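Peer 1: one predicted model, sequence on top.
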Amino acid sequence: MAGKIIADTIETGAGADISTSYVVNGSAKAWMQYKGTSTNAVNDSQNTSSAVDNGTGDYTQNFSSALGNGFYSSTNMVAQGNNDSAGSGNVDWMIYYSQTTTALRVTSGNGSSSSADMFYVALTIHGELA
């Protein structure tokens with residue numbers, strides 16, 4: 001049997017009321033933890049239909065459900081890990097390349113300013129769903 005819960009507020013254990021729109025709007029709408037070296041694989045995700053390796057240090061996360069607009073916020077993290085050929089001791093970086101309502105494309109690299117594949121790529125999206 002399918003059902004639904006309808007509520008305008010949620011009460012905390014301390015008795016404070018929180019608007020349900022605050023909870024819904026503030027929740028991540030998509031996230032992905034991806035292995036960006038050799039076997040390229042999505043380790044775990046939500047609202048992610050696929051991930052694409054576009055080349056060295058260049059990845060795209062495709063969303064299962066589109067976002068309402070292209071002005072969402074993304075939080076990105078990369079780590080070389082133990083199995084990365086780029087070595088250790090480098091400062092890793094990631095920047096967004098492009099974002100649309102259906103995908104986020106990012107590029108990553110190391111301290112030498114060159115593009116590099118990363119062992120771990122983590123992306124989290126906050127915004128509105130379409």
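Peer 2: Sure thing, it's come through. Numbering: from 1, shown residues only.
Peer 1: mind listing what's buried along stretch 94-113?
Peer 2: When neighbours are counted by 16 or more other C-beta atoms under 10 Å, the buried residues of stretch 94-113 are found to be 94, 99, 101, 103-110. Bear in mind the C-beta positions are built from the backbone N, C-alpha and C, glycine included.
Peer 1: any idea which helix or strand comes after the one helix or strand in the chain whose mean pLDDT sits lowest?
Peer 2: The helix or strand of the chain with the lowest confidence, counting by mean pLDDT, DSSP states H and E, is helix 20-26 at a mean of 78. On the C-terminal side of helix 20-26, the nearest following helix or strand under DSSP states H and E is strand 30-35.
Peer 1: does anything pack onto that following strand? Which helices or strands?
Peer 2: With contacts taken as 3 or more C-beta pairs under 8 Å, 6 or more residues apart in numbering; DSSP states H and E, strand 30-35 sits against strand 41-46, strand 48-55, strand 58-63, strand 120-126.
Peer 1: what pairs with the third one, and is each one parallel or antiparallel?
Peer 2: Strand 58-63 has these partner strands in its sheet, going by DSSP bridges: strand 48-55 (antiparallel), strand 103-109 (antiparallel).
Peer 1: farthest pair within the buried residues of stretch 94-113?
Peer 2: Across the buried residues of stretch 94-113, the longest distance by C-beta to C-beta is 30.8 Å; it joins 101 and 110.
Peer 1: surely residue 74 is in contact with residue 122?
Peer 2: No - in this structure, residue 74 sits apart from residue 122 without contact. The criterion is C-beta atoms under 8 Å, and the distance is 10.5 Å.
Peer 1: ok so, going back, nearest to residue 44 among the buried residues of stretch 94-113?
Peer 2: Distance from residue 44 was checked for each of those by C-beta to C-beta. The minimum falls on residue 104, at 16.6 Å.
Peer 1: need the contact list for the residue nearest to residue 128 when sequence neighbours are not counted.
Peer 2: For residue 128, ignoring the flanking residues on the chain, the nearest one in space by C-beta to C-beta, 6 or more residues apart in numbering is residue 68 at 3.8 Å. Applying C-beta atoms under 8 Å, 6 or more residues apart in numbering to residue 68 gives the contacts 101, 127-130.
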